[in-house]
Structures are given as structure tokens and as C-alpha cells.
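Undergrad: sequence first, then the predicted structure:
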Amino acid sequence: MTTLKELRSASHVIFDLDGLILDTEKLYTIVANAILGQYGKSFNLETKLKVMGSTGLDMAKQVVELLEVPLSPEEYYEQVKKEYQTVMPEAQLLPGAAKLIEHLHSNNIPIAIATSSSQVTYDLKTQKHKELLSKFHHVVCGGSDAEVKNGKPAPDIFLVCASRFSEKPKPEDCLVLEDAPNGVEAALAAGMQTIMVPSVEVPKDIKDKAHVVVASLEQAPLELFGLPAIEKCRCKDS
Ligand SMILES: O=c1[nH]cc([C@@H]2O[C@H](COP(=O)(O)O)[C@@H](O)[C@H]2O)c(=O)[nH]1
Ligand SMILES: [Mg+2]
């Protein structure tokens, strides 16, 4: 774990989804490579780091531009969405996700999800995990939510997400869990603290921006933010 910043107590926790709760980042890479391969291109890490956490059409614009794909962003996004139909329902949970969600829920810490996905893709990915995800107070799907004007790295999605808790916490009282550079930037721009759990190799200068970086949700140091430590979990499987 790395942390150099001064930390304060948090009352509410906001989770990212892809690459944090769900092991979908590898699925996104498979889908991108399946389409790009037809044009002799591949989805390199540099491009992935730029698009992770962005909404669908923004992602498509960047991919076709950065990799010089002979498709319009709309055409690329249509192909991607078609592939999602078969790939995304297979999404699995990442290590520590279920335990952490159940732990916070059983300790009455308000939790929510802020994902850049559209509602349609969210529904595809979460089919097998409905019971666990019902523990969240609310879910914001930035890709299709009218109130979210700009995608990550803009702060909009996290500010909208905070405003939908009954208690309407101030940004500085929210702790964000994120895997992606764009997500960490968005949380910081919103004035929130963030624990980064990278899902792919991330350059040091990006990790340095997060308040804390850990390798897995199993190591999330909640106690540094005044939240009940995971060891004190009262849930069944602890
Ligand atoms: O390799 C990729 N990673 C991530 C994305 C995008 O990033 C979002 C990640 O959402 P989240 O905010 O839950 O991490 C996905 O919905 C998708 O739009 C993508 O297109 N390609
Ligand atoms: Mg993510």
C-alpha cells in the first residue's frame, strides 16, 4: 500500500464498477481486439489507459482516432455493443468485492456505484450479481444518465452520485474506490478522497495522484478513512 497524503474521515463510499467490482476490463480488451484485428490494429495499453472509464461514444472517438481505424466512432461503437451481448453476461466478481460490499452494508455505511456504463450494458454485466448489487443505495450509469453531462475524468458523475444519497454528503465526506486513471482524476476533481485499485499496469505518476493505492479490494484500508476495518466484518463469510 502507498500513501503520502493527509487523510480524513469519510461517511459515504462510492464504488466504480468495471475493473473494480467486476472483472470486465479483460473483457473490454477482448472485444476491442476482436474488432480492431479486422483492420490490422491492436488495443495497446496506452490507448486502454486513455479510454478506461469513459462513456461509450467518447471511448469510440478516442479509439478510432488514436489507432487510425477506418470506421466512424458510431460504426465502431455499434460493433462493440454487438460483441458486448455475448461477452458481458459472463462478467465475474473481482477478489474481495463481495466481502467489502457486504461489510460496508452490514455496518450501515451508505454505498453507491458510479459507473460510466450505459444502463443497457450495466444490465448485461450484472445479471449474475443482482443480489450483491442490491446492497447499494443507488447506481449512477453515467453513459445514459441525463444528469451526468460530462464523463470521467470530469467530476460530474461523482457529484451526481453524492447528491443521490439521502444524507446528501459533501464531496469531502465521500471516499471513491477506482481502478482507472480517468476515474481517479474525476474523483479528485469532485473534491473526494480516493483509493486506487489498478486493474491494469498504471504509470507511477498517475498512482501518485490517488490518496491510497492497493493491489486488491481485499486490502482496502478503510480504517485510514475512519471506517470500520474489514477484519471487523459482521457478515457471514468473514
Ligand atoms: O477497455 C475498455 N475499458 C473501459 C471502457 C469503458 O469504460 C467504462 C468503464 O466503466 P467504469 O466507470 O465502471 O469503470 C466502460 O463502461 C466502457 O465504456 C472501454 O470502452 N474499453
Ligand atoms: Mg473502472
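TA: Noted; the coordinates are in hand. Ligands and ions are numbered 1, 2, ... in the order given.

Undergrad: and the strands in the chain?
TA: 12-15, 111-115, 138-141, 174-178, 193-196, 212-213 (DSSP state E).

Undergrad: which stretch among those strands comes nearest E167?
TA: Nearest to E167 among these is strand 12-15 (7.2 Å), distances taken as CB to CB. (Glycine included, C-beta is placed from N, CA and C.)

Undergrad: return the distance of the closest one from the chain's centre.
TA: Relative to the chain's own centre, strand 12-15 is displaced by 11 Å; criterion: CA atoms, centre = their mean, to the nearest Å.

Undergrad: can you check stretch 109-121 too?
TA: Relative to the chain's own centre, stretch 109-121 is displaced by 8 Å; criterion: CA atoms, centre = their mean.

Undergrad: please shift the residue numbers so they start at 49 in all later answers.
TA: All set: I'll call the first residue 49, so the last point we hit is now stretch 157-169.

Undergrad: now the lowest-mean-pLDDT helix or strand in the chain: buried residues?
TA: Sorting the helices and strands of the chain by mean pLDDT, DSSP states H and E puts helix 252-255 at the bottom, at a mean of 94. Going by neighbour count (16 or more other CB atoms under 10 Å), the buried part of helix 252-255 is I254.

Undergrad: also stretch 208-218?
TA: V208, C209, A210, F213, P217.

Undergrad: pick the most deeply packed of the strands of the chain.
TA: Of all those, strand 222-226 has the most neighbours on average by mean count of other CB atoms under 10 Å, namely a mean of 28.

Undergrad: from C222, how far out is M107?
TA: According to CB to CB, to the nearest Å, M107 stands 25 Å off from C222.

Undergrad: typed the wrong thing, it's K178
TA: Distance from K178 to C222, by CB to CB: 25 Å.

Undergrad: could you do G101 as well?
TA: From G101 to C222 the distance is 17 Å (CB to CB).

Undergrad: is any residue of the top helix by length along the chain near ligand 1?
TA: Determined from DSSP state H, the single longest helix within the chain is helix 121-135. No - for helix 121-135, no contact with ligand 1 is found by CB under 6 Å from any ligand atom; the gap never falls below 7.0 Å.

Undergrad: again, but for stretch 95-107
TA: Yes - judged by CB under 6 Å from any ligand atom, stretch 95-107 comes into contact with ligand 1 at K96, V99, M100, G101, S102, T103, G104, M107.

Undergrad: quick one: end-to-end length of that stretch, please.
TA: End-to-end span of stretch 95-107 (CA to CA, to the nearest Å): 10 Å.
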